[in-house]
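Novice: Got a predicted structure here, sequence first:
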Amino acid sequence: MTDGPRASVLIALAVLGLVLFNFPLLRVWDQSATVFGLPPLPTALFAIWAGLIALLALASERGDDER
């Protein structure tokens, strides 16, 4: 057996990352307004990036349980 998550989980996370970092979706966050003093685009980029890392960590931890 191999360590880590299944290949299908990794592919799904990669596709999710591609969709979330795609231009039309990022265009929604490209505004001049601020939320709590933070510009939306960099905040959204960081949140998406952190969320993908958290999902990968969760998938890596649960990799052996679901087999």
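Specialist: Nice, I can see it. None of these values were measured; they are calculated from a predicted model.
Novice: ok, now which ones touch the residue most central in space within the chain?
Specialist: Most central in the chain under C-alpha atoms, centre = their mean is residue 52, positioned 2.6 Å from the mean C-alpha point. Going by C-beta atoms under 8 Å, 6 or more residues apart in numbering, residue 52 touches 13, 16-17, 20. Yep, even glycine has a C-beta here, placed from its N, CA and C like the rest.
Novice: Rank the helices and strands of this protein by mean pLDDT and give me the bottom one.
Specialist: Least confident helix or strand, the chain: helix 23-29 with a mean of 90, by mean pLDDT, DSSP states H and E.
Novice: So what touches it?
Specialist: By C-beta under 8 Å, 6+ apart, the list of residues contacting helix 23-29 reads 19, 40-41, 43-45.
Novice: one more time with 7 Å
Specialist: 40-41, 44 (C-beta atoms under 7 Å, 6 or more residues apart in numbering).
Novice: quick one: which of those sit in helices?
Specialist: 40-41, 44 (DSSP state H).
Novice: can you put the residues you listed in TSV and add pLDDT, distance to residue 60 and neighbour count?
Specialist: Output for the ones in helices among the contacts of helix 23-29, formatted as TSV (pLDDT from 0 to 100; distance: C-beta to C-beta, whole Å; neighbours: other C-beta atoms under 10 Å):
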residue	pLDDT	distance to residue 60	neighbour count
40	92	30	16
41	93	29	14
44	93	24	18
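Novice: I'd like those residues as CSV, with distance to residue 8 appended.
Specialist: Output for those, formatted as CSV (distance: C-beta to C-beta, whole Å):
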residue, distance to residue 8
40, 33
41, 31
44, 27
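Novice: how about the strands of the protein, start to end?
Specialist: In order along the chain, the chain carries no strands (DSSP state E).
Novice: So which residues of it form helices?
Specialist: 7-20, 23-29, 40-61.
Novice: helices or strands next to the first one in the packing?
Specialist: This means helix 7-20. helix 40-61 (3 or more C-beta pairs under 7 Å, 6 or more residues apart in numbering; DSSP states H and E).
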